[in-house]
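> All I have is the shape, not the residue letters:
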């Protein structure tokens with residue numbers, strides 16, 4: 001049963017498969033990505049502090065027009081959620097990251113926004129600032 005969503009990705013979303021390989025160590029997406037197939041493909045993956053959820057819909061999987069009356073070019077979008085709540089909170093914080101049409105350009109923007117979300121602020125010592 002676990003293989004069914006991966007089989008759908010392999011057969012119907014070959015570009016997505018390549019994109020997911022690019023962020024998976026040794027191209028082993030099965031070790032890092034949890035796919036699901038409900039009204040399009042959804043993939044989830046985790047870092048130490050966050051879970052990322054990417055929704056995918058190829059061109060032509062829905063009506064030919066989007067909500068604004070423009071031609072539907074599919075969809076690729078990402079959300080992030082913390083894996084644990086902050087002290088005193090009983091919910092996990094989250095954010096919308098980049099989204100857009102189903103394209104390599106949107107994928108690159110999503111990957112860049114994930115990287116930016118994971119970066120931590122560097123604290124410089126006074127000695128380093130004087131160099």
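Noted; the coordinates are in hand. Because the structure is predicted, anything quoted here is derived from the model rather than measured. Residues are numbered from 1 along each chain as shown.

> what bits of the chain have low per-residue confidence?
Under the criterion pLDDT under 70, the flagged ranges of the chain are 1-3, 61-70, 128-131.

> What are the boundaries of the strands in it?
Counting by DSSP state E, the chain has these strands, from start to end: 34-37, 41-46, 50-57, 75-82, 94-100.

> mind putting the ones you listed in a markdown table, mean neighbour count included?
(Each C-beta comes from the backbone N, C-alpha and C, glycine too.) Listed next are these as a markdown table, based on neighbours: other Cβ atoms under 10 Å:
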| stretch | mean neighbour count |
| --- | --- |
| strand 34-37 | 18 |
| strand 41-46 | 17 |
| strand 50-57 | 19 |
| strand 75-82 | 18 |
| strand 94-100 | 15 |
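
> Give me the neighbour count for residue 124.
Residues within reach of residue 124, counting by other Cβ atoms under 10 Å, total 9.

> Write down the beta-bridge partners of the one residue sitting closest to the centre of the chain, one by one.
For the chain, the residue whose C-alpha lies nearest the mean C-alpha position (Cα atoms, centre = their mean) is residue 54; its distance is 3.8 Å. On the basis of DSSP bridges, residue 54 takes part in beta bridges with residue 43, residue 78.

> give me every residue that touches residue 55.
Under the criterion of Cβ atoms under 8 Å, 6 or more residues apart in numbering, the contact list for residue 55 reads 40-42, 75-78.

> what's the closest of those residues to residue 4?
Looking at the contacts of residue 55 and their distance to residue 4, the nearest is residue 41, at 11.3 Å (Cβ to Cβ).

> any idea how far the nearest residue to that closest one once chain neighbours are set aside lies from residue 124?
When the adjacent residues along the chain are set aside, residue 41 lies closest to residue 56, with 4.3 Å between them (Cβ to Cβ, 6 or more residues apart in numbering). Applying Cβ to Cβ, to the nearest Å, one obtains 40 Å for the distance of residue 56 from residue 124.
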